[in-house]
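**Q** using only what follows, build the 3D model:
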Amino acid sequence: MSPHTAAVPRSNGLLTRTGGEPVRIERVFPGEAASAFVRHYWLPRWTLPEGRELRPQVLEYPTANLVIEPASALLHRASRGVSGRTLRGTGWAFGMLLRPGVARGWTGASLRSLPAGVPVDELAVDGLEALLPLVRRTMDAGDDAGAVSAVESWLGGLPLPGDDARLVDEIVATVEADRDLRRVEDLAARFDLGVRHLQRLVAGHIGFGPKWLIQRSRLQEAAAALRSDDPPALAMLALELGYADQAHFSREFRAVIGAPPGAYAAREGRR
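**A** The predicted model follows:
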């Protein structure tokens, strides 16, 4: 499977519905050249009344995001559990969901050794200094398309990711697309890799190992199903996602999401 034609994941990563809230999140897919680096752009805008706060929760994709805001620009690596950001007033952000193999090349280090957020001036990538003010001007003007165009032009001039980066991208896409891949050993065999080699490769490019990668994909899909208008029975969902039983699924869901799956479905269904 080519990383440029990999299936779009079934979950968008959001754990909290934003429908009806004063938050709009536009998702834009990259052109051909930029798709070597970016899975999609995500562009939130929000306007909240004075004194009101909103904290959407996210179960992040197993990859890094480069996020440009009015006063900051950081590369955020994936976090182990749920993440979130408190929104106030009026604002915007320009996010790039990077392909899983890209961030290591841009940072020059194993993601396992990096802090949660890396300032972009520490990245080994040309052209960012000129890109940031251009993105900020266009976003301030409400021109989302102009900001995307500027980023697409910048990405089109960068050297392509290397072989390991493309392999990690394919590994992640395969886990997301194939529910039958439930064990690290099976994933290693699929790519004709030793288990230790697979563990080092994935941890270096993502920050966590292949066991976490498989768990993350299953929990994202579970959360998306439970958030739907017609959530499935928990026992059936656990079976479909490859859990030994409903109790195992419920324990893992609660440990990562912070609520039992039934309570999560009831909460999100009321939004």
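
**Q** which stretches of the protein form strands?
**A** For the chain, applying DSSP state E gives strands covering 23-28, 38-47, 57-58, 65-69, 72-76, 83-84, 90-92, 94-98, 117-119.

**Q** would you convert those strands into CSV that also reports mean pLDDT?
**A** Putting the strands of the chain into CSV (pLDDT from 0 to 100) gives the following:
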stretch, mean pLDDT
strand 23-28, 90
strand 38-47, 94
strand 57-58, 77
strand 65-69, 97
strand 72-76, 96
strand 83-84, 78
strand 90-92, 94
strand 94-98, 97
strand 117-119, 95
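
**Q** among these, which is nearest residue 190?
**A** Minimum separation from residue 190 across the strands of the chain (Cβ to Cβ) falls at strand 38-47, 20.9 Å. Just so you know, the C-beta spots here come from the backbone N, C-alpha and C atoms, and that holds for glycine as well.

**Q** returning to what we had before: of the strands of the chain, which is nearest residue 239?
**A** Nearest of these (Cβ to Cβ): strand 57-58, 26.0 Å.

**Q** contacting residues around stretch 181-195?
**A** For stretch 181-195, contacts defined as Cβ atoms under 8 Å, 6 or more residues apart in numbering pick out 167, 170-171, 174-175, 180, 197-199, 201, 209-211, 214, 242.

**Q** equivalent analysis for stretch 240-251, please.
**A** The contact list for stretch 240-251 (Cβ under 8 Å, 6+ apart) reads 179-180, 182, 218, 221-222, 232, 234-235, 237-238, 252, 260-262.

**Q** in it, what's buried?
**A** Under the neighbour-count criterion of 16 or more other Cβ atoms under 10 Å, stretch 240-251 has 241, 243, 246, 249-250 buried.

**Q** show me which pair in the residues you listed is furthest apart.
**A** By the measure Cβ to Cβ, 241 and 250 form the most distant pair in these, at 11.9 Å.

**Q** hang on, the earlier thing: out of the strands of the chain, which is closest to residue 138?
**A** Of those, the one closest to residue 138 (Cβ to Cβ) turns out to be strand 94-98, at 8.9 Å.

**Q** now that closest one, how far from the centre of its chain.
**A** With Cα atoms, centre = their mean, to the nearest Å as the basis, strand 94-98 stands 9 Å off its chain's centre.

**Q** who does that strand pair up with?
**A** Partners of strand 94-98 in the sheet, by DSSP bridges, are strand 38-47 (antiparallel), strand 65-69 (antiparallel).

**Q** mind putting the buried residues of stretch 240-251 into TSV with distance to residue 90?
**A** Listed next are the buried residues of stretch 240-251 as TSV, based on distance: Cβ to Cβ, whole Å:
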residue	distance to residue 90
241	39
243	43
246	44
249	40
250	39
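
**Q** wait, which of those residues is closest to residue 27?
**A** Out of the buried residues of stretch 240-251, the member with the shortest distance to residue 27 (by Cβ to Cβ) is residue 241, at 24.2 Å.
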